[in-house]
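1. Please work out how this folds:
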Amino acid sequence: MMEPSPQSPNYLIQPISLSPPYLPSPSPPPPLPLEPPPPSPTPTKPNQFLSLISKRPSVSVTSEFDSESRIFFHRVSCKLFDNLAKLKFSFLNKSKREISEPQLALTSKHLSIHYDPEEQNALIKSSFDVGPMLHFKATHDVKAQQGEVAMIANSADTSYAVEVSSPVPYVGLPKATIRFPMGEVTLEEREEEEVPRTFSINGILKSPIWNGVCSAYYMDEELKLRYSYKDGAMSFIPSVSLPSNALSFAFKRRFSPSDKLSYWYNFDSNYWSAVYKHTYDKDYKFKAGYDSEVRLGWASLWVGDENGKAKTAPMKMKVQFMLQVPQDDIKSSMLMFRVKKRWDIL
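-> Purely as a prediction, here's the structure:
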């Protein structure tokens, strides 16, 4: 019989001593769960309808005077319900202080009503989204009892769209328009006297070619071809109409960011016109030109953005001075001016 080896065994894992000094200390008891705080009272939303009514509407008055016609044009605008709707009243004031052509309009995002007190007629327009890619719009003339309804379907990238519109009351087939990145095509039914109903096609096509844009406009059996070349300083735009073969071209040259010259010539009639424009700032512009068709030279000075609104002009006022000099009768030259001023009352 083999006797045990006197050496101690080689344990892979040392034995754990269970003597009192090495006993693991007991873990502390888990903390008692805290009671959840009482729920905070739900904040009450203010009555939005009362806040819209109680808010003071903003009122503005715009007046415009034209020295040539000697007529004042006035418009009073009022924004209602925190700019959700706008009420406008406009009229003309002639030299005899007579008020004429009053117009009353109520416009909002989805509905607009234009009322003519003299004609006792109203034009109603409405538009809204039926779905994410479907839009509906309608127009109705109350006095004539006529209108139009249209449905527009857009693609996801908005570069393609199909519009189908029809007059009300319904007459014939609806008109269809297809829009795509290169233009649009319209197909509609046309009815003429002593001619059976036929379909007409109108359209616009545009395509880049030769560092420019070539455009084709087809409407009422007339085709107009137009090419536009533009770079940083020059524009050249020839055009021809078929079948009349009327040829014309426009030339524009920019000498500096503030100086520009435009020239237009018609080969069919030999008429031409030229315009020079100089801008001192966004709110100051000088123009001078000549038109051979009416044999008239003119010069104009704008104070305030020519295409902008009066509220963005200095002192909320736009002024235009124009001098017209007829070539055949210089003594009958005329100096005219036009003033447009806006006041914000509230």
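
2. going forward, measure contacts and count neighbours with C-alpha atoms only.
-> OK.

3. Where does pLDDT dip in the stretch 101-250 of the chain?
-> The stretch 101-250 of the chain contains residues with pLDDT under 70 at 193-195.

4. Other residues contacting the helix or strand hosting F91?
-> Using DSSP states H and E, F91 sits in strand 85-93. Residues outside strand 85-93 that contact it (CA atoms under 8 Å, 6 or more residues apart in numbering): 71-80, 98-109.

5. what's the answer for stretch 290-301, then?
-> Outside stretch 290-301, the residues that reach it (CA under 8 Å, 6+ apart) are 271-275, 284-289, 320-328.

6. Okay, now the sheet partners of the very next helix or strand once past the strand holding F91, with direction.
-> Counting by DSSP H and E, the next helix or strand C-terminal to strand 85-93 is strand 99-108. Here strand 99-108 has these sheet partners by DSSP bridges: strand 85-93 (antiparallel), strand 111-116 (antiparallel).

7. And the contacts of strand 99-108?
-> So strand 99-108 is contacted by 84-94, 112-118 (CA under 8 Å, 6+ apart).

8. before we move on, back to that, need the strands paired with strand 99-108 in JSON lines (columns: distance to S155).
-> Shown next, in JSON lines, are the strands paired with strand 99-108 (distance: least, CA to CA, whole Å):
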{"stretch": "strand 85-93", "distance to S155": "30"}
{"stretch": "strand 111-116", "distance to S155": "25"}
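
9. between these, which one is nearest to M334?
-> Across these, M334 has its closest neighbour in strand 85-93 (22.9 Å, CA to CA).

10. Next, the buried residues of the closest one.
-> Buried residues in strand 85-93, counted by 16 or more other CA atoms under 10 Å: 85-93.

11. then it to PDB, C-alphas only?
-> Extracted C-alpha coordinates of strand 85-93, given in PDB (Å, rounded to 0.1, in the frame of the first residue of the first chain):
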ATOM      1  CA  ALA A  85     -57.200  87.300 -40.800                       C
ATOM      2  CA  LYS A  86     -56.900  90.700 -42.400                       C
ATOM      3  CA  LEU A  87     -59.700  93.200 -43.200                       C
ATOM      4  CA  LYS A  88     -59.000  95.800 -45.900                       C
ATOM      5  CA  PHE A  89     -61.100  98.700 -47.100                       C
ATOM      6  CA  SER A  90     -59.900 100.700 -50.200                       C
ATOM      7  CA  PHE A  91     -61.400 103.500 -52.300                       C
ATOM      8  CA  LEU A  92     -60.400 106.300 -54.800                       C
ATOM      9  CA  ASN A  93     -60.800 110.000 -54.000                       C
END
